[in-house]
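[1] sequence-free structure coming up:
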């Protein structure tokens, strides 16, 4: 492992004095790297002995070319790209699921309540008024129940309408 | 120490272990992607996706299976998805069989160790791999280029070992016919020699 491959955490908070815990960590990483290297497969081409010379040459050229291939994007750039990209986490999925569940419960509750409200209730023999929407009776003609210089009060059954205006109430009353 | 123990720091999310792992794995994953896709730039993009996918799926990795075989399968499936999406599988099969490789013949092959000729080597590799059928290419990459055992290659490909051997025979023959005229004077593994130039 080259010096450039080594990693230290000198000065990192909570790591103790610089150089105290870092070497052990670097050693562990170095050991990891060495062990990782041991996972490499045996040398290629062992199974080609039975092939003719031309085939062996062609495959050997392919193997050498393949072994010399390097990523177009250096690993450092790729690692930075990976570091920037958020790892897939299960928490957002869980949150989304929980939110969806809550929404479903609320929606279901609302629908259930609406169902209860609109469910037919046994009120004895059906009457036409129960199932047929009845248009309200034609409102009685509005009556001016009060008027002065600044307001005008109209009354139609239980409804009162108060209009505040600077105009003369008499003028309003005469409008078509 | 087993692979499982080596992977433990990765599973814990140790950033330095991930960094070390990435530095060692990325070139190899890139080569795998290049082999399966036979296209340098897409392989570059696919390799980064593959590294992320491997890391994401590491918790589901079965230590009994062997890391390399598992990783190769993850990369293979990702590359197959890409090929399927862009329809390159059909193009690679039909186009390559009819048109053949695009590199100029019969100039001698460059030596892979020559950095100045890396781009040409890459182009020839891609052309040669494209000349193989997708199945032949997958078997050839895993067995002859990656150096996996026939059994591991068969497991990754989901076919029998005898099928892998058949595919290898076809792939090697095709490559011999394709590259043979340009290999005159080349010593296997030594790259191009001056005598190779006509």
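    Cool, got the structure. As the structure is a prediction and not an experimental result, all values here were calculated from the model. Numbering: from 1, shown residues only, chains lettered A, B, ... in the order given.

[2] When you work out contacts or count neighbours from here on, use the C-alpha atoms and nothing else.
    Noted.

[3] for chain A, what helix or strand is lowest in average pLDDT?
    Every helix and strand of chain A was ranked by mean pLDDT, DSSP states H and E. The lowest is helix A:169-174, at a mean of 50.

[4] Output the below-cut-off pLDDT ranges for the chain.
    I'll assume chain A. Across chain A, the stretches falling below the confidence threshold (pLDDT under 70) are A:1-50, A:75-100, A:104-105, A:108-141, A:165-176.

[5] actually chain B
    Under the criterion pLDDT under 70, the flagged ranges of chain B are B:1-5, B:88-116, B:184-198.

[6] Helix, strand, or coil at residue 59?
    Picking chain A for this. Look at residue A:59: counting by DSSP: H, G, I helix; E, B strand; the rest coil, its state is helix.

[7] Now it. Nearest residue, chain neighbours left out?
    Leaving aside its chain neighbours, residue A:59 sits nearest to residue B:172 (6.8 Å; criterion: CA to CA, 6 or more residues apart in numbering or on different chains).

[8] got the contact list for the one you found?
    For residue B:172, the contact set (CA atoms under 8 Å, 6 or more residues apart in numbering or on different chains) comprises A:55, A:58, A:59, B:140.

[9] Quickly find the element holding it.
    Assigning secondary structure by DSSP states H and E places residue B:172 in helix B:161-179.

[10] Buried residues in that helix, which are they?
    Buried positions in helix B:161-179, judged by neighbour count with 16 or more other CA atoms under 10 Å in any protein chain shown: B:161, B:163-165, B:167-176, B:178-179.

[11] What is the most widely separated pair among these?
    Greatest spatial distance in the buried residues of helix B:161-179: B:161 and B:179, 26.2 Å, computed using CA to CA.

[12] Would you point out which residue is most central in chain B?
    Nearest to the geometric centre of chain B sits residue B:35, at 2.7 Å (CA atoms, centre = their mean).

[13] before we move on, what SS does residue B:65 have?
    Secondary structure, three-state DSSP: residue B:65 is coil.

[14] okay, now it: neighbour count?
    Neighbour count of residue B:65, defined by other CA atoms under 10 Å in any protein chain shown: 10.

[15] do you know how far the residue nearest to residue A:59 is from residue B:42?
    25 Å (CA to CA, to the nearest Å).

[16] cool, residue B:146 as well?
    19 Å.

[17] just residue B:29 next, same as before
    13 Å.

[18] now do residue B:6
    Noted for residue B:6: a distance of 30 Å to residue B:42, by CA to CA.

[19] returning to what we had before: just to check, the residue nearest to the centre of chain B is in contact with residue B:137?
    Yes. Using CA atoms under 8 Å, residue B:35 is in contact with residue B:137, at 7.3 Å.

[20] Mind listing the shared neighbours of these two?
    Common contact partners of residue B:35 and residue B:137 (CA under 8 Å, 6+ apart): residue B:129.

[21] Stretch B:137-151: end-to-end distance?
    First residue to last in stretch B:137-151 (CA to CA) measures 16 Å.

[22] check contacts around residue B:32.
    By CA under 8 Å, 6+ apart, the contact list for residue B:32 reads B:72, B:75, B:76, B:141, B:142, B:146.

[23] how about a markdown table for those, with distance to residue B:11, neighbour count and secondary structure added?
    Shown next, in a markdown table, are these (distance: CA to CA, whole Å; neighbours: other CA atoms under 10 Å in any protein chain shown; DSSP: H, G, I helix; E, B strand; the rest coil):
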| residue | distance to residue B:11 | neighbour count | secondary structure |
| --- | --- | --- | --- |
| B:72 | 19 | 23 | helix |
| B:75 | 19 | 24 | helix |
| B:76 | 22 | 23 | helix |
| B:141 | 28 | 26 | helix |
| B:142 | 26 | 25 | helix |
| B:146 | 25 | 25 | coil |
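
[24] Thank you kindly, that will do.
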